[in-house]
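Asks: From the sequence below, what's the structure:
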Amino acid sequence: MIDNHQYYPTPEALSIKAWETFKNRQFVRVLEPSAGEGHLLKPRPFNHWQKIPVDCIEIDISRHPILRSLGFSVVGMDFMQFKSGSLYSHVLMNPPFADGAQHVLKAWEILFDGEIVAILNAETLKNPFSKERKHLLRLIEQFGEVEYLSAMFAGQAAERKTDVEIALVWLKKTSTFEEELLGNILDDLRRDQASAESLAGDSQPVHELALANAFIDNAVLMFNAAVEAARRSAFSEARAMRYRKMLGQTLGELNGDAAVKSTQSTLDWVKNQLYTDYSDLKDRAWSGILRSTQVTSRLSSAAQKRLESDFETIKSLEFTVPNIYGFLQGIIDQQGDIQLSMVCDVFDLITRYHSDNTVFYMGWKSNDKHRSLGMRIKTTRFVIPGHATESYQNDLSWESQRMLADFDKVFAMLDGKYEVAVGLESVFRNHFHALRTGQRISGSYFDVRYYPGVGTIHFFPSNKTLIDRMNRLVGKHRRWLPPAETKAGTGFWQQFDQAEKLDKAFRSEVSKHCKRDGRRYHFDPFWAFKYGGESERELGNAMLTQAMSTVFANHGIDPDSLLDSDQNGVRQLDWDGLTDSQLALAS
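Replies: Numbers count the residues shown, from 1 in each chain. Below you'll find the predicted structure:
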């Protein structure tokens, strides 16, 4: 639980003073373990005309977008669980006053070599009643210094004011790297705790519907083993460079005939190399989770792309079991939105390219100033163009197969199933020659006929209920249909249900009022309604609405019939929705 009473944004003057407290001005990478909204980080200095890289940890996820907008990377939520401190040359912190000692000791524990500047409640040091406070005092006596400051949070610039006295602590942790560089330092490194047998022992089959616990635990074990191996490699390379420097240059280097190899072996080089290797391994590890069959097998290609668009944010987080579960929980929390976006993607694909795929109905009248027509997909047949193949080809293109796979996933989801029994993708893969010769082949949800020359696929829905379900879900989302809690009269639902039956009369009425040049409209209201600019859409919508009103009048339909005179026929939106369990993403 986030304690906002512990959140005291650092005033600008104190932030500047904290940065100035660092004695080593060669900033490699800085960590802020309790970043808040970034107040302490705003005065960060430049390094070679570029602002130094800063990573943040912040427990309040609502503040993460603010930190990223300021140009900082967010690498975690709980600093007390953070382990990757060896990457940083400096730690700058204003921890919660009540837990200041524990936070500074944690920073000291994970830091490999570098400086710590911490803003603490002075009472933390002046009243050392706990073992943590006593330990911190000993560290300051041996490796640092402290300056006591008054009224730093009491000025006008302070967002939250308090008269508490603070302690500005500086600590310097020096590794024994240089001393051990010529020794057998690899023997002193921590051994990998995970053997090959333990990593593979509890692994799960790849056909699992969700990411099993063992899969996640093993992924983290493998990642930690890889990081440890990279750490050893960096140390070994530093030793090798030191030995090369001791041996001296080659004759070719001395004579200028060969490039001089770098003999750099400083701590900064090791930290930079560790950061490069660590970032690469973290990228690979998160990619493995993101692209695992268990996570993405239920997502359409467009939904996968939307998920991957957030990858830069995802991969900045530390690769730990809690962060992985947090990522998966985020997907689960967004499950309804993901499902809806997948349905809308397929709906838009069907309605985009072929005008005969859709019929229109009068949208729900939410107010007098704005009313738009609604669209629904025909339950009899629709056509998707753009899938031509040559005579020598034995299958559709990869893009066409992805489209069919998306259809399979979405309609299985609408049917409440994890996967389709006989999908469109398998129909084309197993019966491609028969389809090329004009045969009509059946799948679980559609019969299909393929015309390879013109590149059209004709879909004949075998389960009209699923098409109706898609139409109602999209209609509700786009406010063409009334909200679930709103009752509509019989006239509204009559025109919705009879949209296909009335389509011919509707298009005939539109033609009466549109000038044509042969088969073409001078102004096509259907095109304008879908693709035109704002003024064109308004004109197109007005013309189509007028034509539809005329058709309704001719058939005795009043979509706006008053509920008072129509109580026996009213009904709510007949949509049973999708349950959360119908898109398994994580266990």
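Asks: Report the mean confidence score over the top helix by length along the chain.
Replies: Criterion DSSP state H: the longest helix present in the chain is helix 213-247. Helix 213-247 comes out with an average pLDDT of 81.
Asks: Tell me how far that helix lies from the chain's centre.
Replies: 29 Å (C-alpha atoms, centre = their mean, to the nearest Å).
Asks: quick one: buried residues of it?
Replies: 215-228, 230-231, 234-235, 238-239, 241-242 (16 or more other C-beta atoms under 10 Å). In this view, the C-beta of every residue, glycine as well, is placed from N, C-alpha and C.
Asks: show me where pLDDT drops low in the stretch 101-250 of the chain?
Replies: 154-160, 176-213, 250 (pLDDT under 70).
Asks: one more time with 90, if that's ok
Replies: Along the stretch 101-250 of the chain, the parts satisfying pLDDT under 90 run over 110, 112-113, 128-129, 149-165, 174-250.
Asks: Can you show me the strands along it?
Replies: Taking DSSP state E, counting those that start in this stretch, the strands of the stretch 101-250 of the chain run over residues 114-121, 144-149, 166-173.
Asks: Redo the ones you listed as CSV? Include mean neighbour count.
Replies: Compiled in CSV, the strands of the stretch 101-250 of the chain are given as follows (neighbours: other C-beta atoms under 10 Å):
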stretch, mean neighbour count
strand 114-121, 25
strand 144-149, 14
strand 166-173, 20
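Asks: give me the number of residues near the spatially closest residue to Asp560 that is not a sequence neighbour?
Replies: The spatially closest residue to Asp560, leaving aside those adjacent along the chain, is Lys365, at 6.0 Å (C-beta to C-beta, 6 or more residues apart in numbering). Counted with other C-beta atoms under 10 Å, residues neighbouring Lys365 total 14.
Asks: just to revisit the earlier point, who are the packing partners of the longest helix of the chain?
Replies: If contacts are counted by 3 or more C-beta pairs under 8 Å, 6 or more residues apart in numbering; DSSP states H and E, helix 213-247 sits against helix 196-201, helix 267-290, helix 321-333.
Asks: what's the distance between Ser508 and Pro43?
Replies: For Ser508, the distance to Pro43 (C-beta to C-beta, to the nearest Å) stands at 71 Å.
Asks: Kindly apply the preceding question to Arg231 instead.
Replies: Look at Arg231 and Pro43: by C-beta to C-beta, they are 32 Å apart.
Asks: Over to Arg29?
Replies: 17 Å.
Asks: now swap in Leu139 and tell me
Replies: Taken as C-beta to C-beta, the span from Leu139 to Pro43 is 26 Å.
Asks: now swap in Arg449 and tell me
Replies: Taking C-beta to C-beta, one finds Arg449 at 68 Å from Pro43.
Asks: Going by residue numbers, what spans are helices in the stretch 51-200 of the chain?
Replies: 64-69, 100-110, 122-126, 131-143, 177-180, 196-201 (DSSP state H, counting those that start in this stretch).
Asks: buried set for the first one?
Replies: Yep, that's helix 64-69 we're talking about. 64, 66-68.
Asks: Can you give the distance from it to the centre of its chain?
Replies: On C-alpha atoms, centre = their mean, the centre of helix 64-69 falls 15 Å from the chain's centre.
Asks: average pLDDT across that helix?
Replies: Mean predicted lDDT for helix 64-69 stands at 90.
Asks: hey, which helix or strand in this protein has the poorest pLDDT?
Replies: helix 196-201 (a mean of 39; mean pLDDT, DSSP states H and E).
Asks: Spatially central residue in the protein, please.
Replies: The centre of the chain sits closest to Asp310, judged by C-alpha atoms, centre = their mean, with a distance of 3.5 Å.
Asks: Quick check: the gap between that one and Lys512.
Replies: Taken as C-beta to C-beta, the span from Asp310 to Lys512 is 50 Å.
Asks: How about Gln329?
Replies: Following C-beta to C-beta, the distance that separates Gln329 from Lys512 is 57 Å.
Asks: Who has more neighbours out of the two?
Replies: Gln329 (12 against 8).
Asks: Check what pLDDT the more buried one gets.
Replies: For Gln329, the predicted pLDDT is 78.
Asks: nearest spatial neighbour of Ser300, skipping sequence neighbours?
Replies: Asp406 (4.2 Å).
Asks: tell me the contacts of the one you found?
Replies: Residues near Asp406 by C-beta atoms under 8 Å, 6 or more residues apart in numbering: 300-302, 342, 345-346, 349.
Asks: Could you dump those residues into TSV with neighbour count and pLDDT added?
Replies: What follows is the contacts of Asp406, written out as TSV (neighbours: other C-beta atoms under 10 Å; pLDDT from 0 to 100):
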residue	neighbour count	pLDDT
Ser300	26	83
Ser301	16	84
Ala302	17	84
Met342	23	91
Asp345	17	93
Val346	21	94
Leu349	17	93
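Asks: Can you tell me which of the buried residues of helix 64-69 comes closest to Glu37?
Replies: Nearest to Glu37 among the buried residues of helix 64-69 is Ile66, at 5.0 Å by C-beta to C-beta.
Asks: The closest one contacts Ala35, correct?
Replies: No - if you go by C-beta atoms under 8 Å, Ile66 and Ala35 don't touch, sitting 9.2 Å apart.
Asks: Let's see the pLDDT reported for Arg571.
Replies: The model reports Arg571 with a pLDDT of 52.
Asks: tell me the phi and psi of Leu373?
Replies: Main-chain dihedrals, Leu373, degrees, to the nearest 10: phi -70, psi 150.
Asks: end to end, how far does stretch 54-69 reach?
Replies: 13 Å (C-alpha to C-alpha, to the nearest Å).
Asks: what does that stretch rub up against?
Replies: 2, 7, 29-38, 41, 44, 72-79, 82, 88, 313, 316.
Asks: What about those, which are in strands?
Replies: 30-32, 73-76 (DSSP state E).
Asks: Out of those residues, grab the one that's most surrounded.
Replies: That'd be Leu31 among the ones in strands among the contacts of stretch 54-69, by other C-beta under 10 Å, with 27 neighbours.
Asks: Asp333: neighbour count?
Replies: There are 11 residues near Asp333, going by other C-beta under 10 Å.
Asks: could you measure it against His387, distance?
Replies: 36 Å.
Asks: repeat for Leu328
Replies: Distance, Leu328 to His387, by C-beta to C-beta: 35 Å.
Asks: For the stretch 301-450 of the chain, just list every one of the helices.
Replies: Under DSSP H, counting those that start in this stretch, the stretch 301-450 of the chain gives helices at 301-308, 311-315, 321-333, 335-352, 398-414, 424-430, 432-436.
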